[in-house]
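1. sequence and predicted structure, then a few things I'm wondering about:
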Amino acid sequence: NAGVTQTPKFQVLKTGQSMTLQCAQDMNHNSMYWYRQDPGMGLRLIYYSASEGTTDKGEVPNGYNVSRLNKREFSLRLESAAPSQTSVYFCASHSSTVPYEQYFGPGTRLTVT
Amino acid sequence: GDSVTQMEGPVTLSEEAFLTINCTYTATGYPSLFWYVQYPGEGLQLLLKATKADDKGSNKGFEATYRKETTSFHLEKGSVQVSDSAVYFCALSDSTGRRALTFGSGTRLQVQP
């Protein structure tokens, strides 16, 4: 039982390049989330998925797209990276039964130069 | 919208000192409240939670009580250890089906031997 896994762990991109951050959970959770964490700020919600095939925008969705192809995986895509997207990205999943907790992956540290 | 305000850090304490990290929130409805901890280079771990007014969450010697009248969820520990050095985040979960988390900006705790 690995919980929530994310790849890659680190990534450096040049402005304008694209990439996809991968996230998978093996806890059979319906809800999954992408957050970003910036210095001096808490985590902010980028996108949310309530179930396979559904996604919804969060607080800071501009510049990102997401895909929830199956129950396990929820990917985040940067089509044209910008320096403002330098951040640490966390994926999370939420249990819809007791104890109703949100579980986080280890994070991806992305630098855009 | 929902928001969480925490005291700014860093908080520097000597080992065995008493810890309080203040957290207040603004939310509609009846949110659940959480404290997460982030150790250096790691993801977020749930420390404790409370789901309704007057509930007390506790774990590893840390406690926090859900105070609806003062909209607060202050984190306390009677005797901190060097191993408690980390960043602590207060968060709330909205009472809609989305259950996304809204985070405070985090408080860095440094415990000196």
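-> Received, thanks. Numbers count the residues shown, from 1 in each chain, chains lettered A, B, ... in the order given.
2. from now on I want contacts and neighbour counts done on CA atoms only, so please keep to that.
-> OK.
3. what are the phi and psi values at A:Q85?
-> phi -90, psi 0 (degrees, to the nearest 10).
4. ok, the closest residue to it other than its chain neighbours - contacts?
-> Among residues not flanking A:Q85 along the chain, A:V112 sits closest, at 6.8 Å (Cα to Cα, 6 or more residues apart in numbering or on different chains). Residues near A:V112 by Cα atoms under 8 Å, 6 or more residues apart in numbering or on different chains: A:12-15, A:81-86.
5. list only buried entries from those.
-> A:13, A:81-82, A:85-86 (16 or more other Cα atoms under 10 Å in any protein chain shown).
6. max pairwise distance over these: which two?
-> With Cα to Cα as the measure, no two of these lie farther apart than A:L13 and A:Q85, at 10.2 Å.
7. okay, and the common contacts of these two?
-> By Cα under 8 Å, 6+ apart, the residues touching both A:L13 and A:Q85 are A:110-112.
8. let me know the closest of the residues you listed to B:Y25.
-> A:L110 (30.1 Å).
9. pretty sure the closest one is in a strand, no?
-> Yes: assessed by DSSP: H, G, I helix; E, B strand; the rest coil, A:L110 belongs to a strand.
10. neighbours around the residue nearest to B:Q6 when sequence neighbours are not counted, how many?
-> Spatial nearest neighbour of B:Q6, excluding adjacent residues (Cα to Cα, 6+ apart): B:C23 at 4.5 Å. The tally of other residues near B:C23 (other Cα atoms under 10 Å in any protein chain shown) stands at 22.
11. need the contact list for B:C23.
-> B:4-7, B:72-75, B:90 are the contacts of B:C23 under Cα under 8 Å, 6+ apart.
12. is the residue nearest to the spatial centre of chain A within a helix or a strand, and which one?
-> In chain A, the centroid-proximal residue (Cα atoms, centre = their mean) is A:W34; its distance is 3.0 Å. Using DSSP states H and E, A:W34 falls within strand A:31-37.
13. so what strands line up beside the helix or strand bottoming out on mean pLDDT in chain A?
-> Least confident helix or strand of chain A, by mean pLDDT, DSSP states H and E, is strand A:102-104 with a mean of 91. Strand pairing for strand A:102-104, using DSSP bridges, gives strand A:87-94 (antiparallel).
14. mind saving the C-alpha coords of the partner strand as PDB?
-> Only the C-alpha atoms of strand A:87-94 are listed here, as PDB (Å, rounded to 0.1, in the frame of the first residue of the first chain):
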ATOM      1  CA  SER A  87       6.500  25.900  -7.100                       C
ATOM      2  CA  VAL A  88       6.100  22.700  -5.200                       C
ATOM      3  CA  TYR A  89       3.100  20.700  -6.400                       C
ATOM      4  CA  PHE A  90       1.300  18.300  -4.200                       C
ATOM      5  CA  CYS A  91      -1.300  15.700  -5.200                       C
ATOM      6  CA  ALA A  92      -3.800  14.500  -2.600                       C
ATOM      7  CA  SER A  93      -6.700  12.100  -2.400                       C
ATOM      8  CA  HIS A  94      -9.600  12.100   0.000                       C
END
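15. that strand: how far from the chain's middle?
-> 4 Å (Cα atoms, centre = their mean, to the nearest Å).
16. residues of chain B that sit close to chain A?
-> B:42-46, B:89, B:98, B:100-106 (Cα under 8 Å from any Cα of the partner chain).
17. need those residues in a markdown table with distance to A:L21, can you?
-> Below are the residues of chain B next to chain A laid out as a markdown table (distance: Cα to Cα, whole Å):
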| residue | distance to A:L21 |
| --- | --- |
| B:E42 | 17 |
| B:G43 | 16 |
| B:L44 | 18 |
| B:Q45 | 21 |
| B:L46 | 23 |
| B:F89 | 24 |
| B:R98 | 22 |
| B:A100 | 20 |
| B:L101 | 20 |
| B:T102 | 22 |
| B:F103 | 22 |
| B:G104 | 25 |
| B:S105 | 24 |
| B:G106 | 25 |
